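Q: 3D, please:
(one chain, ligands or ions: 2)
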Amino acid sequence: MLILFGIIIASISIFILFLYYSLDKKISYKDLNRKHVVITGGSSGIGKAVAIEAAELGASVTIIGRDKNKLQSVVDEIKSRHTIHSYQKIQYASLDVTSDYKSIEKCFTELEEYIGPIFMLINCAGMCICGQFENMNVDDIKQMIDLNYFGTAYPTRYVLPGMKKRNEGIIVFVSTEAALFGIYGYSAYGAAKWAVRGLAESVFMELVGTNVRLTLAFPPDTDTPGFKQEELTKPKETKLISGSGGLHSPTTVGKKMIADAMKGKSYSVFGLTGHILSLMYCGTIDSISQVLLQIVTLGFIRAIIILIVLSFHKIVRDGLKEKASKKHSEKDD
Ligand SMILES: NC(=O)C1=CN([C@@H]2O[C@H](COP(=O)(O)OP(=O)(O)OC[C@H]3O[C@@H](n4cnc5c(N)ncnc54)[C@H](OP(=O)(O)O)[C@@H]3O)[C@@H](O)[C@H]2O)C=CC1
Ligand SMILES: CCCCCCCCCCCCCCCC(=O)[C@@H](N)CO
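A: Ligands and ions are numbered 1, 2, ... in the order given. Down below sits the predicted model:
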């Protein structure tokens, strides 16, 4: 008995030591003084909260979006209330991130010429059009990929060579909790965010051995102008399922996202449900504590999540019944 116990303890210790020497060391940044931070989608919602936080941490900030009025008003707000050093530059660039690569490259080159090399890129531009897949407008299906996937992939493609050359930098990808498991009504949108997750996981491995870091964020429902818009056409089932993760404030989400990125975390989750769901997330190896926690809890967590997902199936079945009885009573009228 004692020998068996000894063998188990020894194996665990060897495993931990192996992880300790194999994993890239975490690089933690305390502030963003004199650093250039670029936030796509920085004129609204989560992106705006991230831009404010970056400025409060001392960064020179560029926000990107299409609507110049919105961009200008956020630049004014940050300049007047959220900078801490006189040398911080706050600016905007009006760019559609779904443009061809040449336009992205031209815009980003100009940004670097004016403020300096990009230290941190936060890809927040994105949006959700919900609906059952068979009811989706086909142009919207493509728009979901163009904006959420290519709108992240192209800016990232631009910054990577410079970051690798300087051997420093942080990239943040904004995915969603709906890319931790598939959810009713998030078909076209979810697929695009799963693509973002897929890109992150490969690039993550391509960054092994360098000091460039990538953080993949999985936000839950967050109370932003974009969220209010998507609520207008969201199926009832999606509202019920998605709502079980709660509604979070953009400031809390933005602050946590930037804090995790500065700590060098490979993923970022929010709230209790995000943390529980993240135990199932095995796409990157983040830290010794993540690995050990997963080894110990995964079986149990899988069982819990199966029960929760089956309760979501019930929501879908109830929806079918409701629609059927509605049809029935319409026929009777
Ligand atoms: N809110 C939520 O519940 C959740 C959101 N997310 C993700 O977080 C990110 C931010 O969402 P949220 O804050 O709610 O969104 P908002 O709609 O509030 O803000 C979106 C931002 O992206 C910009 N944007 C949109 N389209 C383009 C484009 N083609 N080119 C450049 N900029 C563009 C908008 O500016 P403009 O329109 O002027 O271009 C705006 O600044 C998105 O990627 C979203 O998918 C993930 C999980 C949950
Ligand atoms: C103890 C229980 C643990 C498991 C609970 C499962 C909860 C599931 C919540 C799924 C939330 C999906 C949010 C998507 C938000 C989003 O991307 C859109 N708002 C788009 O903007």
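
Q: got the residues of the stretch 201-333 of the chain near ligand 1?
A: Selection of the stretch 201-333 of the chain residues close to ligand 1 by C-beta under 6 Å from any ligand atom yields Pro219, Asp221, Thr222, Thr224, Pro225, Gly226, Phe227. Placement of C-beta: from N, CA and C, glycine included.

Q: Quick one: list the elements packing against the top helix by length along the chain.
A: With secondary structure taken from DSSP state H, the chain has its longest helix at helix 288-332. Contacts defined by 3 or more C-beta pairs under 8 Å, 6 or more residues apart in numbering; DSSP states H and E place helix 288-332 against helix 2-22, helix 236-243, helix 271-278.

Q: Out of those helices, which is the most enclosed?
A: helix 236-243 (a mean of 19; mean count of other C-beta atoms under 10 Å).

Q: Give me the contact list for that one.
A: 130, 178, 183-186, 220-221, 231, 234, 312, 315-316, 319 (C-beta atoms under 8 Å, 6 or more residues apart in numbering).

Q: Using PyMOL, define a selection of the buried residues within the residues you listed.
A: In PyMOL, a selection of the buried entries from those looks like this (16 or more other C-beta atoms under 10 Å):
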select buried, resi 130+178+183+184+185+186+220+221+234+312+315+316+319
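
Q: from the contacts of helix 236-243, which are also near ligand 2?
A: Counting by C-beta under 6 Å from any ligand atom, Ala178, Ile183, Pro220, Asp221 from these sit close to ligand 2.

Q: For ligand 1, what is the nearest residue in the stretch 201-333 of the chain?
A: Gly226 (2.3 Å; C-beta to the nearest ligand atom).

Q: what helix or strand is that residue on?
A: Taking DSSP states H and E as the criterion, Gly226 maps to helix 225-231.

Q: and that helix, what other elements does it pack with?
A: helix 45-56.

Q: What is the helix it packs on packed up against?
A: strand 36-40, strand 60-65, helix 68-81, strand 118-123, helix 225-231, helix 250-262.

Q: let's see 6 Å
A: Packing partners of helix 45-56 (3 or more C-beta pairs under 6 Å, 6 or more residues apart in numbering; DSSP states H and E): strand 36-40, strand 60-65, helix 250-262.

Q: okay, these in CSV with mean pLDDT and mean neighbour count next?
A: Output for the helices and strands packed on helix 45-56, formatted as CSV (pLDDT from 0 to 100; neighbours: other C-beta atoms under 10 Å):
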stretch, mean pLDDT, mean neighbour count
strand 36-40, 98, 26
strand 60-65, 98, 28
helix 250-262, 98, 21
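
Q: So which of these is nearest ligand 2?
A: helix 250-262 (10.7 Å).

Q: now the closest one against strand 118-123, angle please.
A: Angle, helix 250-262 to strand 118-123, by axes from the mean of the first three to the mean of the last three C-alpha atoms, to 10 degrees: 130 degrees.

Q: what's helix 250-262 in contact with?
A: If you take C-beta atoms under 6 Å, 6 or more residues apart in numbering as the criterion, helix 250-262 is touched by 29, 45-46, 49-50, 53, 170, 172, 215, 217, 219, 222, 224, 268, 270.

Q: Could you look up the SS state of the residue nearest to Tyr186 when sequence neighbours are not counted?
A: Among residues not flanking Tyr186 along the chain, Ala178 sits closest, at 4.3 Å (C-beta to C-beta, 6 or more residues apart in numbering). Assigned state for Ala178: helix (three-state reduction, DSSP: H, G, I helix; E, B strand; the rest coil).

Q: Then Glu112?
A: Secondary structure assignment for Glu112 (three-state DSSP): helix.

Q: And the pLDDT for it?
A: According to the prediction, Glu112 has pLDDT 96.

Q: Excluding residues flanking it in the chain, which one is nearest it?
A: Using C-beta to C-beta, 6+ apart, the nearest residue to Glu112 is Ile118, at 6.1 Å.

Q: Contact partners for the one you found?
A: By C-beta under 6 Å, 6+ apart, the contact set of Ile118 is His36, Val38, Val159.

Q: from the residues you listed, which single one is nearest ligand 1?
A: Nearest to ligand 1 among the contacts of Ile118, with distances taken as C-beta to the nearest ligand atom, is Val38, at 12.0 Å.

Q: Pull up the residues of the stretch 51-200 of the chain that are close to ligand 2.
A: So far as C-beta under 6 Å from any ligand atom goes, the stretch 51-200 of the chain lies against ligand 2 at Cys128, Thr176, Glu177, Ala178, Ile183.
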